[in-house]
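Novice: Here is a sequence with its predicted model. Questions after.
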Amino acid sequence: MEHKAAALIACGTLAVATQALAADPIKIGVISEAQAVAGSSIGPAAQLAADEINAKGGVDGRKIEVVVYDNHSSSAESVRAFQRAVSEDKVNAVIASYISEVVLALEPWAGRLKTLMITPGAASDVITQNIAKDYEHNKYTFHGYLTSSALAGLVCDAAKDLLVTPFKMKTAVIVSEDAAWTTPLDAGYEACLPKVGLKVLDHVRFSPDTTDFTPIFNKIEGEKPDVMITGISHVGTQPTVQWKSQQVPIPMFGISSQATNSTFWNDTNGATEGVLFNAVSGPGVAVTPKTLPFVAAFQKKYGNVPSYSGYTAYDEVYMIADAVHRANSTDSDKLVDAMEKTDYVGTIGRVAFLPKGDPHVHGLRTGKGYITGLMLQWQNGKQLNLWPQELANATLKFPAFVKVATH
Amino acid sequence: MSVRAVFTSRLFWIGVATLVVGALLPLFASGYVLGLLTVACYTAVFAMSWDLLFGFAGEVNFGPTFLIGLGAYTAGILDARLSPHVSMWLCVAAGAAAAVVGGVLLALPALRLRGPYFGLTTLVAVLMLQNFVVVFAGLTGGEIGLSVPDVMSVDAHVNYWIAFGFMALSGAILFGLSRSAVGLILQASGQDAVQAGALGFNVVKHKLAAFIVSAFFSGLAGALMVFYMGTASVGTFVDISVGVQVIIAAVLGGRRTVIGAAIGAIFLIGTGELLRPLGEMATLIVSVIALLVILFFPDGFLGILRGGARS
Amino acid sequence: MLFWQILIDGFAISALYALGATGFTLIFGVSGVLNLSHGAIMVGAAVAAWAAAGLLHVDAYVAALIGIAVGMALAFATYFITVRPIQQSRRIAEPEREIFILTATLLWGIIIQELVAYLYTNNAKTVLPIVEGVVTVLGVRTPTNEFFTAAVCWVVIGLLWLLVNRTRRGKAVLAASMNARGVTLLGIELSGIYLTVWAVYGLLAGIAGILLGMFLGVSSYSVGPLTASAFSIVVLGGLGSVSGSLIAAYVVGYLETITAYMLSPAYRTIPALLLLIVVMYVRPQGLFGRR
């Protein structure tokens, strides 16, 4: 009899305790640029992940709650949002922004307020360099996207397979916007392009609020390179449209964030035909078994295709949930330890973070078996994948006005 | 005007009431509300400085953000470059000084102009600052912002006290000025410069003084706000839309009252936050409200309260 | 050759600036209003054309016409919502009206800008070009669109000159800009004059917006810089002087182009701003302005 009563009481207490825990949701704050095409997917993708996890019972019975803040592409508003998220809305973790300057402004606050923060889209190497410089203070930040130097390496690898080997291209000009993320990108380009056989003739950096690219294209054309290696994100439509309308005979290859958006064809009235751009995802490309189901679910719920930062934001909610589960706690220090041990196959590849001691600590592990990215090209209104070979679904085609030199 | 006159004016007591409420707030307001009000306090100083210049000297300054931005960015850049060798407070002082210098440089050509030219000059000043910040992004952080390593405090209460105290002190000084002999001369010059000049007052000298005072407080508030947020960006300190916000705050509260500007600022920031759940529509709605106020209630809150009595 | 490239590019961009500035100065000259929502009207027209092409699948000409119509609608809205109520308001003292109108038009511009960003994101949009392809003139390969842009701008400016100097309505407008009172004494309804002026302004701003959209593209971020550029040019040339604006537009256009080609595109806007500072200190009423 006593055993039964004791068992009943124990069960009752456990039930009450679990109820209490279950009632306490895991809150994830999402700070994003809702009016920018690249940033507009972050919030919805995170919500989708949360809904999926909650439908399966949540994390150990706890539901995930996503709180979204629009930062209007401003660091100052992001800081305010972060402060509000932590002190008022009491979030357990923050997913923040695709703009490097914003993430860099938030990084010290993640340290001051001791809150886990992970970025789905920024690329600057300084983010992880800051963690390496002062690990104890900055360890709360995780870089959930490829660093600029990693991106440069991937572009070089693709350039070798797609441009140097088949077309024997020999020279290049680097064209990039003057922003935090392109400083390490360009440094990476300057280092790796010669190694794959492309001599760097010039390095043109323009102000992100440039609207007239005529003098820039003019200058580049005068140097007669075989290819323009790009690093653009804040601009996209205007240089691409002007490239076509001026019929600049040099192909564009590299990073063009806006070209990854499915609306880019319409935005440029088709001028983007032939533009080659790096991405972590492409339509119909099953980078992992989770990629296409995610896209389908996103499209079903929201009516449009997610931008690149949507893929990473989606994965990051799962990773945070997983970390909470493994740490059995939402204490920030415990979460950081758990996140460091992440080994998760997401929608863009297998995610693991570089450990303490690495110069890019808390950055993504890249390379074969982890994250390699793709090289896509716009052809006839579609984004087709050309690289790596095993995931390719098309072959490279230059537009008519581009003159490919035969060496 | 005598000290007694100050104490018997209705405005003064409205001001005191606001201060008492503000002082008691931290006892029962959450960190989030305090953070909001901290920003509101700095905005209130921006608006009060503007009101001194417009309301009294009659000079419509379309670019209050020129002075605010100068103060904020000077302080921010110095700290970002020279910390930890310089104290944060030194940077703040430098910011205020830079704003004063900027104010004088702006006043010199501007005061020789009348009507739309003056307003345009101030607007052009803001544009130049904006261009400077964007073009020399390596120094200033460009469009997206500059991070400073030091902040005044991480505690919401402490930040609120600093902001509130600063606002109360600035408000007292600005209000006192507006009711003093100097203030009256400014008012006279603003309403009818020719007559004021005929009465023997050096109009230009007094307007210049108003410029300097306005610049000092604007720049100081801007610099302090940088060390509250930990960042400076064009969108918070320089952009024309921020300047418009400052002007709207002063107009909403009631021009030529100084106190009204503070009330208007608090109202504006509060409404902006209340509408935040609407996302991108929030700025739109606040702008629409502001437009409606301009069209239908040009005398602002205090104007309604005072029954339309003109000063 | 670089010289011809600068000459041609500079000409096209200056023509575009001239068209925008002419509208801006016209409104000031006749209506006394400095319309700080100028850039918003241009961007609104361009975005409307882009949206029409995307939604309704119309061709480039129809899209352009829709855009211009939207430009005119926005101009009228500016007049009826922000300008007229204040001009006729009894609550605002006469000397303060200018300031209120300035603030109101500024706010209105912000409203349009936010609306565009809300509906279509802050990404740049380009208008379907009416003229495509390139021509090679004097060894310089230029998009045909640039010549088209310059041609249209000058044709429109020419038509405006004809309107103001040769038609009855136009002459009434010109007279009103000199002496509004006098015009009423002649029995001409001022309200009709204002409507004409705002209609013409809407047309000018709309066309300028469409051409800009085809040539370079616009976004919600362009609103501020476009207004700023228009009134910098107008202040340089002298408020109220159309010929002053035209000349100033070319000065600014060429200064920018030369800087972009010979120094660096990053410093494009600096010389024009420096010139503006100098003019403001030395001759604040501009080159041809009335004090």
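Specialist: Now that the structure is in, tell me what you want to look at.
Novice: going forward, measure contacts between C-alpha atoms and count neighbours the same way
Specialist: Noted.
Novice: and chain A, which of its residues are near chain B?
Specialist: Applying Cα under 8 Å from any Cα of the partner chain, we find that chain A lies next to chain B at A:34-35, A:69-70, A:73-76, A:79-80, A:83-84, A:87-88, A:101-102, A:104-105, A:112-113, A:207.
Novice: Got a ChimeraX select line for the buried ones in those residues?
Specialist: Buried residues among the residues of chain A next to chain B (16 or more other Cα atoms under 10 Å in any protein chain shown), as a ChimeraX selection:
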select /A:34,35,69,70,73,74,75,76,79,80,83,84,87,101,102,104,105,113,207
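Novice: near chain C too, which of the residues of chain A next to chain B?
Specialist: A:Gln35, A:Ser207.
Novice: Break down chain C into its strands, ranges please.
Specialist: With DSSP state E, the ranges of strands along chain C come out as C:134-137, C:140-143.
Novice: On the pLDDT front, check residue 182 for me.
Specialist: Defaulting to chain A. If you check A:Thr182, the pLDDT there is 89.
Novice: Chain B, not that one
Specialist: pLDDT for B:Val182: 70.
Novice: Which of the helices or strands spans A:Trp378?
Specialist: strand A:374-379 (DSSP states H and E).
Novice: can you pull the buried residues of the next helix or strand after that strand?
Specialist: Once the chain leaves strand A:374-379, the next helix or strand it forms, by DSSP H and E, is strand A:382-387. Under the neighbour-count criterion of 16+ other Cα under 10 Å, strand A:382-387 has A:Gln383, A:Leu384, A:Asn385, A:Leu386, A:Trp387 buried.
Novice: what does the stretch 1-150 of chain C put close to chain A?
Specialist: Of all the residues in the stretch 1-150 of chain C, those lying near chain A are C:54, C:117-118, C:121-128, C:132-134, C:141-143, going by Cα under 8 Å from any Cα.
Novice: Point out where chain B drops to low pLDDT.
Specialist: B:1-9, B:11, B:31, B:55-59, B:114-116, B:143-144, B:186-201, B:277, B:279-280, B:305-311 (pLDDT under 70).
Novice: what residue is smack in the middle of it?
Specialist: Taking Cα atoms, centre = their mean as the criterion, B:Phe46 is the residue nearest the geometric centre of chain B, at 0.8 Å.
Novice: Against chain C, how distant is it?
Specialist: According to Cα to the nearest Cα, to the nearest Å, B:Phe46 and chain C sit 17 Å apart.
Novice: So what are the sheet partners of the strand holding A:Trp378 and their directions?
Specialist: Partners of strand A:374-379 in the sheet, by DSSP bridges, are strand A:276-279 (antiparallel), strand A:382-387 (antiparallel).
Novice: Could I get these in a markdown table, plus columns for distance to C:Pro284?
Specialist: Shown next, in a markdown table, are these (distance: least, Cα to Cα, whole Å):
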| stretch | distance to C:Pro284 |
| --- | --- |
| strand A:276-279 | 50 |
| strand A:382-387 | 54 |
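Novice: I'd like those strands as a markdown table, with mean pLDDT and distance to B:Leu275 appended.
Specialist: Formatted as a markdown table, those follow (pLDDT from 0 to 100; distance: least, Cα to Cα, whole Å):
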| stretch | mean pLDDT | distance to B:Leu275 |
| --- | --- | --- |
| strand A:276-279 | 94 | 36 |
| strand A:382-387 | 92 | 39 |
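Novice: right, and those strands - which one's nearest B:Gly264?
Specialist: Of all those, strand A:276-279 sits nearest to B:Gly264, with 47.5 Å by Cα to Cα.
Novice: Show me which residues of the stretch 1-150 of chain A are close to chain C?
Specialist: For the stretch 1-150 of chain A, the contact set with chain C under Cα under 8 Å from any Cα comprises A:Gln35, A:Ala36, A:Val37.
Novice: who touches the last one in this structure?
Specialist: Think A:Val37. Residues near A:Val37 by Cα atoms under 8 Å, 6 or more residues apart in numbering or on different chains: A:Gln258, A:Asn261, A:Ser307, C:Thr121, C:Asn122, C:Asn123.
Novice: Now the residue in the stretch 1-150 of chain C that chain A sits nearest to: closest residue in space, sequence neighbours ignored.
Specialist: Nearest to chain A in the stretch 1-150 of chain C, going by Cα to the nearest Cα, is C:Thr121, at a distance of 4.8 Å. In this structure, C:Thr121 finds its nearest non-sequential neighbour in A:Gln35, 4.8 Å apart by Cα to Cα, 6 or more residues apart in numbering or on different chains.
Novice: Am I right that the one you found is in a strand?
Specialist: No - A:Gln35 sits outside any strand when classified using DSSP: H, G, I helix; E, B strand; the rest coil, being coil.
Novice: Tell me if I'm right that C:Tyr254 and C:Ile8 touch.
Specialist: No - using Cα atoms under 8 Å, C:Tyr254 makes no contact with C:Ile8, being 9.9 Å away.
Novice: one step back: nearest to B:Gly35, of the strands paired with strand A:374-379?
Specialist: Closest among the strands paired with strand A:374-379, using Cα to Cα: strand A:276-279, at 39.0 Å.
Novice: State the distance from C:Ala230 to C:Ala260.
Specialist: Distance of C:Ala230 to C:Ala260, computed by Cα to Cα, to the nearest Å: 19 Å.
Novice: who has more neighbours, those two?
Specialist: More neighbours surround C:Ala230 than the other of C:Ala230 and C:Ala260, with 25 against 21 (other Cα atoms under 10 Å in any protein chain shown).
Novice: sorry, back to before: can you say which of the strands of chain C is nearest to B:Ala23?
Specialist: strand C:140-143 (64.9 Å).
Novice: Could you export that closest one as PDB, CA atoms only?
Specialist: Output of strand C:140-143 as PDB, limited to C-alpha atoms (Å, rounded to 0.1, in the frame of the first residue of the first chain):
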ATOM      1  CA  VAL C 140      32.700  54.800 -77.300                       C
ATOM      2  CA  ARG C 141      30.300  52.000 -76.800                       C
ATOM      3  CA  THR C 142      27.200  53.500 -75.200                       C
ATOM      4  CA  PRO C 143      23.800  52.100 -74.400                       C
END
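Novice: and it, which strands flank it?
Specialist: Sheet pairing of strand C:140-143 (DSSP bridges) gives strand C:134-137 (antiparallel).
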